[in-house]
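Colleague: sequence isn't available, so here's the structure alone:
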């Protein structure tokens, strides 16, 4: 085949030449070309090798249905495989390469695969490489992957960005052919907010590729007029290069906007692609139709193309696909390809139609070209490009015709897959010879060729009708549109899906190299259901999703099984309708932006002090503060712990959840959500509270303070803050709406610091000045006070997580960083240190306090040694279920402390407990180590764990078995409180 | 899927979280095995289903949504407290 640029015509900009490269050779095209049209204009007919047999392949279509012309686009980090040359817009400097060939496109070593085709039949993966299994991973799979495959992905980081956006409209119009344009215009004129989504770069759809006139104008000129009016309407938004790929619930549509794919690199601050959620009250699907080929021998030769594509290249791109073009059509529409080519001065070698009679007006389109009625193309020949076709007549005689392009038309398949995304199936029409949309998703109507109404007049009328229907349904007034003069071309078509007389390989699915024989084999082996057929033969899979192959595959299966096409059924299509890059779904949510990062008020202050940070949920918290000369974390953490226990330390605890509760019934409410009593809590006091889930397992813990009679502030763990808030709101709104209270999360509003250590009172006295009485009598253990720090409202709680004399002080978040500095200044003479979450953890394990490691979603209050907190005087969430026998079984693993018998040994969290002489197997598992730390106070490692019958086993020596690290050490069971068990220090 | 929150208006599904059957009633504390059913037993309804949704990224309302579990068609949305009082 030797295509060329026609002397005139087309919608390309001949004043704007564009240089590009394909397989290392330089070419020129024009602005408005696709890669495919530019290659055809340069006489390049061979563009790739096929998936399985490495057969030479050329451009087959002119749109997103393309099965053959897949190329690797761009270089380096931007290299993208399997790009359809038929939709890729040409830009200056574009670099494309053919795929799946080695060493070169013209000479491919693996083309020998086709000689071995008997073993590459349907299901060959399942049959051929069965034995021995050990060879699969090492030999068969790598071999197959190299031989069968398409392009190679860039393995480097994608340099471009993607983003997501949402838009709302009254009427979404998908497609901008005659039906879409009229739907948009009628709904737009009526005043509805309209979005028009067009996959292509210009509007117009098939109008750009056809020669018939609308209102006395060429289709492109008429389109330009409508587009100008739509652009002038402020309520209409036109989205070009935007493909709608999925229909979701509630009128939500997924769409991909290719913002920068037509440029060498995205413009500054622009993404490469934008993923849209389009929310529409009504939708008009006007996605047109895709031509159906006919299956015959050698129908994959470069040069065999869809008749509509040959027309597109001639009329829209000013390209003759070949020098001698034959047309094989089963319907009237294909004849127009001959007519259009003749009008452009291209030689039409022959028109072949299996019908014995054709209307005179249709017959006239072939002009003086040879016409074969009642005839079919049996086989196509030509190794690297079509050279001749064998035509067989009704009487069995055959003739060989020289041609370098064969334009094939077997009718049209409506692009209605979006209409089936809600589980509906398409319905076969014997009159249209096509699957038409049946039941459609709520709010979606189908117009024009997508509904099987193929003529321009029908499409225009459908658009007006459905545009008005949508507008009226939304309360707008219908607009009348003057009748539009246009042709009413004939789409009469005869049912012919494949030529049974074919003598050479006949391909049903070009992308997956599925032949008629493969379908026959699937039928013989019992894979007759369409879903089985698809999976067994791979028919209709991969990037084109069978847009040109599914119906033919079904029709052939129907023939083989003696059933009708509707009896054979059709596969249901699912989103996405076209391939969508994973990057577009991720958008900006990658790396550190995958989720929000929350920073406590003192974050900058901690950064300035060189803190090392740790992620706790979304929060970034200071983990420890290394000092000059400290090279390992344990040195820093040990120093911090010693400084706190020896003097004073401060730690930002703002990340703990804080919930303000107000109202006369807060006390009663807290009694119901906490396992212990809160209505009796005096004003000015705080209490440790334990919250259960309704199934009796511990959900969360924290302290809640009563600041005034009807005003409380609750704290939760950092990680459960959101969950507790949701739970409390459920309890209030759903279970007990009669209780009079309100609640709101104030986690972000207050910055809160722990001030711990024997010198903490002195430090705070310096901070508050002598006017505030901080004596033990005035602020006893578990006191909660509201006071002023300078003129700032502050809250002071006497709480201790470390076991030392300790406080927590809270100020409005905007003063958090200043407070951190003020605390360090106030403690300057007391050896104060900032400490991080590690030191916090060390001190809580030393004190036997439970935290997230112990509140693991399976532990009960009893397991944690907190069984006595469950009040028997009231009902509360989880009370009934916590009393189940299984949850009060004393043999359950319960909290203990652990110490290595050899004090020099390190403990490991996650190590499982075994009796001293027990074999290390699951049946002997007696629990596990939940938390371990090095205790500076004791000078060795200590741990907490959940051990079966634990509280009865203090003093026993057991084993901590860590299979992952291969460690098995003797540990002593001790009470969980390792340091100051009498609690003398915290009352200091 | 979108839910028409009575306070905020029509909002996307990502703003909500799901709890399940809104037909269950929390039994009296001494109800025995009925309590186990309340905590664990739910019908797997194919069809119209009244269920709790929480508008966590919006007004924090607990809602009762009547939805067809097969088609996601939503028939009604109301505040859960109104449903409870009813």
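Modeller: Sure, I can see it. Owing to the predicted nature of the structure, the values given are computational and were not obtained by experimental measurement.
Colleague: residues from chain B in reach of chain A?
Modeller: By the rule Cβ under 8 Å from any Cβ of the partner chain, the part of chain B lying against chain A is B:1-2, B:12-13, B:17, B:19, B:26, B:29-31, B:35-36, B:38-40, B:52, B:54, B:56, B:60-62, B:71-74, B:79-81, B:84-85. (Each C-beta comes from the backbone N, C-alpha and C, glycine too.)
Colleague: again, 6 Å this time
Modeller: B:1-2, B:26, B:29, B:35, B:39, B:54, B:60, B:62, B:72, B:80-81, B:84 (Cβ under 6 Å from any Cβ of the partner chain).
Colleague: can you pull out the strands in the stretch 801-950 of chain A?
Modeller: Here the stretch 801-950 of chain A has its strands, by DSSP state E, counting those that start in this stretch, at A:806-812, A:833-834, A:893-900, A:912-914, A:927-935, A:940-948.
Colleague: and residue B:46, how many neighbours?
Modeller: 9 (other Cβ atoms under 10 Å in any protein chain shown).
Colleague: what's near enough to touch it?
Modeller: B:69, B:70 (Cβ atoms under 6 Å, 6 or more residues apart in numbering or on different chains).
Colleague: which phi and psi does it have?
Modeller: Residue B:46 adopts backbone torsions of phi -110, psi 100, taken as degrees, to the nearest 10.
Colleague: before we move on, the earlier item: nearest to residue A:789 among the residues of chain B next to chain A?
Modeller: residue B:60 (31.3 Å; Cβ to Cβ).
Colleague: go through stretch A:500-509 and flag the buried ones.
Modeller: Of all the residues in stretch A:500-509, those buried under the rule 16 or more other Cβ atoms under 10 Å in any protein chain shown are A:502, A:504, A:505, A:506, A:507, A:508, A:509.
Colleague: out of those residues, who's nearest residue A:68?
Modeller: Using Cβ to Cβ, those come closest to residue A:68 at residue A:507, 10.1 Å.
Colleague: which element follows the helix or strand that contains that closest one toward the C-terminus?
Modeller: Element membership of residue A:507, judged by DSSP states H and E, is strand A:507-509. Later in the chain than strand A:507-509, the nearest helix or strand by DSSP H and E is strand A:514-515.
Colleague: isn't residue A:940 up against residue A:903?
Modeller: Yes: judged on Cβ atoms under 6 Å, residue A:940 makes contact with residue A:903 at a distance of 4.1 Å.
Colleague: so for these two, which sits in the more crowded spot?
Modeller: residue A:940 (16 against 12).
Colleague: and residue 26, how many neighbours?
Modeller: Let's take chain A. 9.
Colleague: my bad, the chain I had in mind was chain B
Modeller: 17.
Colleague: what helix or strand is it located in?
Modeller: In this assignment (DSSP H and E), residue B:26 forms part of neither any helix nor any strand.
Colleague: please name the nearest non-neighbouring residue to it.
Modeller: residue A:735 (5.7 Å; Cβ to Cβ, 6 or more residues apart in numbering or on different chains).
Colleague: just send the strands of the stretch 801-950 of chain A back as CSV, with distance to chain B too.
Modeller: Listed next are those as CSV, based on distance: least, Cβ to the nearest Cβ, whole Å:
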stretch, distance to chain B
strand A:806-812, 22
strand A:833-834, 34
strand A:893-900, 22
strand A:912-914, 29
strand A:927-935, 25
strand A:940-948, 23
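Colleague: in a markdown table, list those along with mean pLDDT and distance to residue A:194.
Modeller: What follows is the strands of the stretch 801-950 of chain A, written out as a markdown table (pLDDT from 0 to 100; distance: least, Cβ to Cβ, whole Å):
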| stretch | mean pLDDT | distance to residue A:194 |
| --- | --- | --- |
| strand A:806-812 | 98 | 48 |
| strand A:833-834 | 97 | 59 |
| strand A:893-900 | 98 | 64 |
| strand A:912-914 | 98 | 65 |
| strand A:927-935 | 98 | 60 |
| strand A:940-948 | 98 | 62 |
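Colleague: which of these sits closest to residue A:861?
Modeller: strand A:893-900 (10.4 Å).
Colleague: chain center to the closest one: distance?
Modeller: Averaging C-alpha positions (Cα atoms, centre = their mean, to the nearest Å) puts strand A:893-900 44 Å from its chain's average.
Colleague: just the angle between that strand and strand A:927-935, please?
Modeller: 40 degrees (axes from the mean of the first three to the mean of the last three Cα atoms, to 10 degrees).
Colleague: given strand A:893-900, what are its sheet partners and their directions?
Modeller: strand A:940-948 (antiparallel), strand A:967-974 (antiparallel) (DSSP bridges).
Colleague: for chain A, list the residues in contact with chain B, please.
Modeller: A:249-250, A:694-695, A:726, A:729-730, A:733-735, A:737, A:875, A:880-881.
Colleague: switch to 7 Å and redo it
Modeller: A:249-250, A:252, A:694-695, A:726, A:729-730, A:733-735, A:737, A:875, A:879-881 (Cβ under 7 Å from any Cβ of the partner chain).
Colleague: show me what the helix or strand containing residue B:4 pairs with in its sheet, parallel or antiparallel.
Modeller: In the assignment (DSSP H and E), residue B:4 maps to strand B:2-5. When pairing is defined by DSSP bridges, strand B:2-5 lines up against strand B:9-12 (antiparallel).
Colleague: buried set for the strand it pairs with?
Modeller: residue B:11.
Colleague: just the element for residue A:180, please.
Modeller: Judged by DSSP H and E, residue A:180 forms part of helix A:178-189.
Colleague: just checking, what packs against that helix?
Modeller: strand A:162-174, strand A:194-197, helix A:219-232, helix A:456-473 (3 or more Cβ pairs under 7 Å, 6 or more residues apart in numbering or on different chains; DSSP states H and E).
Colleague: now do the shortest one: which elements does it pack against?
Modeller: To tie it back to what came earlier, the one meant is strand A:194-197. Strand A:194-197 is packed against strand A:162-174, helix A:178-189, strand A:236-239, with contacts defined by 3+ Cβ pairs under 7 Å, 6+ apart.
Colleague: one more: the third one?
Modeller: Counting by 3+ Cβ pairs under 7 Å, 6+ apart, the packing neighbours recorded for helix A:219-232 are helix A:178-189, strand A:236-239.
Colleague: quick one: distance of the strand holding residue A:507 to the chain centre.
Modeller: Distance, centroid of strand A:507-509 to centroid of chain: 31 Å (Cα atoms, centre = their mean).
Colleague: partners of it in the sheet?
Modeller: In its sheet, and by DSSP bridges, strand A:507-509 pairs with strand A:514-515 (antiparallel).
Colleague: buried residues of the helix or strand following the partner strand, list them for me.
Modeller: The first helix or strand that comes after strand A:514-515 along the chain, using DSSP H and E, is helix A:516-524. By neighbour count on 16+ other Cβ under 10 Å, the buried set for helix A:516-524 is A:516, A:518, A:519, A:520, A:521, A:522, A:523.
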